[in-house]
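Peer 1: give me a model of this one.
(chains A and B)
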Amino acid sequence: MALARRRLLSTALLTLAAAFLAMAAALPAAAQERFITIASTTSTEQSGLFAHILPIFKQQTGIEVRVVAVGTGQALAIARRGDADALLVHDRVGEDKFVAEGYGIDRRDVMYNDFVLIGPKSDPAKIKGTKDATAAFKKIAEAKAPFASRGDDSGTHRMELRFWKAAGVDVKGAGAGWYRELGSGMGPTLNTAAGMNAYVLSDRATWGNFKNRQNLEILVEGDPKLFNPYGSILVNPAKHPHVKAADAKKWHEWLTTEPGQKAIASFKIGGEQLFFPNAKAGS
Amino acid sequence: MEFSAAFRTALALILELDPTLLEIVQLSLSVSLSAVAIAALIGLPLGAAVALGRFPGRGAVIVLLNASMGLPPVVVGLVVYLALSRAGPLGEFGLLFTPRAMVVAQTILVLPIIAALSRQVVEDLWGEYAEQLRSLGAGRLRAIPTLLWDGRFSLLTAILAGFGRASAEVGAIIVVGGNIAGVTRTMTTAIALETSRGDLALALGLGIVLITLVALINAGAYLAGEVARQHAAAAP
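Peer 2: Predicted coordinates:
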């Protein structure tokens, strides 16, 4: 009797384990549907741009686009290893290097948004309304006002470092504690900046969609030096033969011609357009 | 204020049965439960074998198992990423950025917990019953199934500890899964995403939903254990 019950219980346990394993097997290794994987930046994902344009693309072509959203540095690394079919990133220097090294082909302009310099309403470095962004960076350094840096080798971080260089500020040697490298994505950096009332450089799209603003506001904007151009690159099938070259090419074409450009222009938050299409016709 | 908003968000999420949320919950549970099931199938016999086996370097194996309970998820994620990457040794299977890749990573995280804890449980039981088992003619190897069965209630706790690790973990799956909307987005990676978007109420709301789910599963396991215990006590 006890033995029978014991056998029953162990059978039940084994069945349960088998059921879990079956469930694991049912998880799709790669779904049957048609899809491509692109590596892109946190700003495009977190602003909601992809959620807006990908359904339009899927409806027009039947191709699903899976986005791995990371910093530009990591996105380039993922594509370099062949783990994505295409890239949509914003760091012209890194993009050109990626193509020059043979990992990518056919880099095209897609769109731009712009960066804004954000800081506490009290504005201890008195930069509000400054037209020249470089001058504003210089003032922040002179005031030794807290500045939150991404510090993660992203496109935004690389842009910020170019401003410090132009302003003649050596942030590596700053040492006084006002310059804080966070090593985080845009959103977490904004969260931290809000918490310590620091100045911070952000792309307008992430800021536009960011909810935890506390005392922060836009202080400097509109300087052409703050423009942030995005490029689309195909991963070179000669380097990584397994990439879905044909479907990735369809995406690349779509993004840089009228249907994709229209979709980008139609993305708005609170009535404000955040990304401005600028693909060259016939490129 | 933030907290009350979070509780309201959590309640709304649960009541609305938002299809996106259901999808995320389902993926989270199937990934974590699969990882725990695989880790238990390997970890329980492995732990018992280490408990009862006598071999050179056994002490080192035990220390290694115990230390591996603290494997940093993001490091495990990175190693699995490099292995599954197209440029890595297992690249041809195309597993990167899929739920299966997340199961692999979580299995590696959970396995040492189940193995190390069951090693201790079985070793204690052996200390208690060794003479009895020997007199019945059971050798160390033959004793493994018996001791695993006798220790089933303690081992259930070991499995639940493993499940706790898997369901709470974000560092490994965000690297190997890529947090792709609708494909590899789980509860924890969604919470990380909403936090970085500054939507703290939604992030915390999702957190409350996750904690509630984990509590329900643990309640289920507890009840199942109690029922089995009563049956065991009732049996002669």
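Peer 1: tell me, how many residues neighbour residue 203?
Peer 2: Went with chain A since none was named. 27 (other CB atoms under 10 Å in any protein chain shown). Glycine gets a C-beta too; all of them are placed from N, C-alpha and C.
Peer 1: try again with chain B
Peer 2: For residue B:203, using other CB under 10 Å, the count is 20.
Peer 1: in terms of helices and strands, where is it?
Peer 2: Element membership for residue B:203, per DSSP states H and E: helix B:200-234.
Peer 1: who does that helix touch, helix- and strand-wise?
Peer 2: helix A:2-26, helix B:2-16, helix B:19-52, helix B:152-168, helix B:187-196 (3 or more CB pairs under 8 Å, 6 or more residues apart in numbering or on different chains; DSSP states H and E).
Peer 1: and the longest one, what's buried?
Peer 2: Burial within helix B:19-52, assessed by neighbour count using 16 or more other CB atoms under 10 Å in any protein chain shown, is assigned to B:21, B:24-25, B:27-41, B:43-52.
Peer 1: how about the fourth one?
Peer 2: Judged by neighbour count using 16+ other CB under 10 Å, the buried positions of helix B:152-168 are B:152, B:155-156, B:158-167.
Peer 1: isn't residue B:184 right up against residue B:103?
Peer 2: No. Using CB atoms under 8 Å, residue B:184 is not in contact with residue B:103, being 11.0 Å away.
Peer 1: neighbour-wise, which of these two wins?
Peer 2: residue B:103 (28 against 24).
Peer 1: in chain B, where is pLDDT below threshold?
Peer 2: B:1, B:236 (pLDDT under 70).
Peer 1: quick one on the thing from earlier: out of the helices and strands packed on helix B:200-234, which comes closest to residue A:233?
Peer 2: helix B:187-196 (24.6 Å; CB to CB).
Peer 1: tilt between the closest one and helix B:200-234?
Peer 2: Counting by axes from the mean of the first three to the mean of the last three CA atoms, to 10 degrees, helix B:187-196 lies at 160 degrees to helix B:200-234.
Peer 1: re earlier: which stretch among the helices and strands packed on helix B:200-234 comes nearest residue A:71?
Peer 2: By CB to CB (comparing all of the helices and strands packed on helix B:200-234), the closest turns out to be helix B:187-196, at 11.7 Å.
Peer 1: and the closest one, anywhere near chain A?
Peer 2: Yes. Helix B:187-196 is in contact with chain A by CB under 8 Å from any CB of the partner chain, via B:193, B:195-196.
Peer 1: what packs against that helix?
Peer 2: So helix B:187-196, by 3+ CB pairs under 8 Å, 6+ apart, packs with helix A:42-46, helix A:186-196, helix B:19-52, helix B:152-168, helix B:171-177, helix B:200-234.
Peer 1: can you add distance to residue A:56 and give those back as TSV?
Peer 2: TSV is the format used below for the helices and strands packed on helix B:187-196 (distance: least, CB to CB, whole Å):
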stretch	distance to residue A:56
helix A:42-46	15
helix A:186-196	24
helix B:19-52	18
helix B:152-168	35
helix B:171-177	25
helix B:200-234	25
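Peer 1: of all the ones you listed, which lies closest to residue A:224?
Peer 2: Nearest of those (CB to CB): helix A:42-46, 19.0 Å.
Peer 1: could I get the closest one in CSV with only the CA atoms?
Peer 2: In CSV, the C-alpha atoms belonging to helix A:42-46 read as follows (Å, rounded to 0.1, in the frame of the first residue of the first chain):
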residue,chain,number,x,y,z
THR,A,42,18.6,52.8,-26.1
SER,A,43,17.4,56.3,-27.3
THR,A,44,15.5,54.8,-30.3
GLU,A,45,13.9,52.1,-28.2
GLN,A,46,13.2,54.0,-25.0
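Peer 1: and the next helix or strand past it?
Peer 2: helix A:49-61.
Peer 1: tell me the angle the biggest helix by length in chain B makes with helix B:187-196.
Peer 2: Longest helix in chain B by number of residues (criterion: DSSP state H): helix B:99-135. Calculated by the same axes, to 10 degrees, helix B:99-135 forms an angle of 130 degrees with helix B:187-196.
Peer 1: what residues of helix B:99-135 count as buried?
Peer 2: Using 16+ other CB under 10 Å as the test for burial, helix B:99-135 gives B:99-123, B:125-126, B:129, B:133.
Peer 1: from those residues, which are also near chain A?
Peer 2: Applying CB under 8 Å from any CB to those, those adjacent to chain A are B:99-100, B:103.
Peer 1: quick check: domain ranges of chain A?
Peer 2: A:35-113+A:228-277, A:114-226 (automatic domain parsing).
Peer 1: how long is the longest one end to end?
Peer 2: What it means is domain A:35-113+A:228-277. Counting by CA to CA, to the nearest Å, you get 24 Å between the two ends of domain A:35-113+A:228-277.
Peer 1: before we move on, what about stretch A:204-213?
Peer 2: Using CA to CA, the two ends of stretch A:204-213 sit 13 Å apart.
Peer 1: tell me the buried residues in it?
Peer 2: A:204-210, A:212.
Peer 1: for the buried residues of helix B:152-168, which one is nearest chain A?
Peer 2: Of all the buried residues of helix B:152-168, residue B:152 has the smallest distance to chain A: 8.3 Å, by CB to the nearest CB.
Peer 1: please list all residues in contact with the closest one.
Peer 2: residue B:228 (CB atoms under 8 Å, 6 or more residues apart in numbering or on different chains).
Peer 1: before we move on, what about residue B:86?
Peer 2: Per CB under 8 Å, 6+ apart, neighbours of residue B:86: A:81-83, A:240, A:242, B:94, B:96.
Peer 1: same question, residue B:195
Peer 2: By CB under 8 Å, 6+ apart, the neighbours of residue B:195 are A:187-188, A:191, B:203.
Peer 1: again, 10 Å this time
Peer 2: A:187-188, A:191, A:212, B:202-204, B:206-207 (CB atoms under 10 Å, 6 or more residues apart in numbering or on different chains).
Peer 1: closest to residue A:261 among those?
Peer 2: For the contacts of residue B:195, the nearest to residue A:261 is residue A:187 (26.8 Å; CB to CB).
Peer 1: burial of the residue nearest to residue B:168 when sequence neighbours are not counted, as a residue count?
Peer 2: With CB to CB, 6 or more residues apart in numbering or on different chains as the criterion, residue B:168 has its nearest non-adjacent residue at 6.9 Å, and that residue is residue B:188. A total of 23 residues lie near residue B:188 under the criterion other CB under 10 Å.
Peer 1: next one: residue A:83
Peer 2: If we define neighbours as other CB under 10 Å, then residue A:83 has 25 of them.
Peer 1: how near is it to chain B?
Peer 2: 5 Å (CB to the nearest CB, to the nearest Å).
Peer 1: can I take it that that residue is in a helix?
Peer 2: No. Per DSSP: H, G, I helix; E, B strand; the rest coil, residue A:83 lies outside any helix segment and is coil.
Peer 1: thought residue A:103 was touching it, still the case?
Peer 2: No. Residue A:83 lies out of contact with residue A:103 (CB atoms under 10 Å); the separation is 11.7 Å.
Peer 1: show me what contacts residue B:214?
Peer 2: B:28-29, B:32, B:160, B:163-164, B:167-168, B:187.
Peer 1: follow-up on the earlier one: of the helices and strands packed on helix B:200-234, which is nearest residue A:219?
Peer 2: Among those, helix B:187-196 sits nearest to residue A:219 (CB to CB), with 22.4 Å.
Peer 1: that closest one versus helix B:19-52: what angle between them?
Peer 2: 130 degrees.
Peer 1: tell me which residue is most central in chain A.
Peer 2: residue A:41 (1.7 Å; CA atoms, centre = their mean).
Peer 1: what's the burial count for residue A:268?
Peer 2: Neighbours of residue A:268 (other CB under 10 Å): 13.
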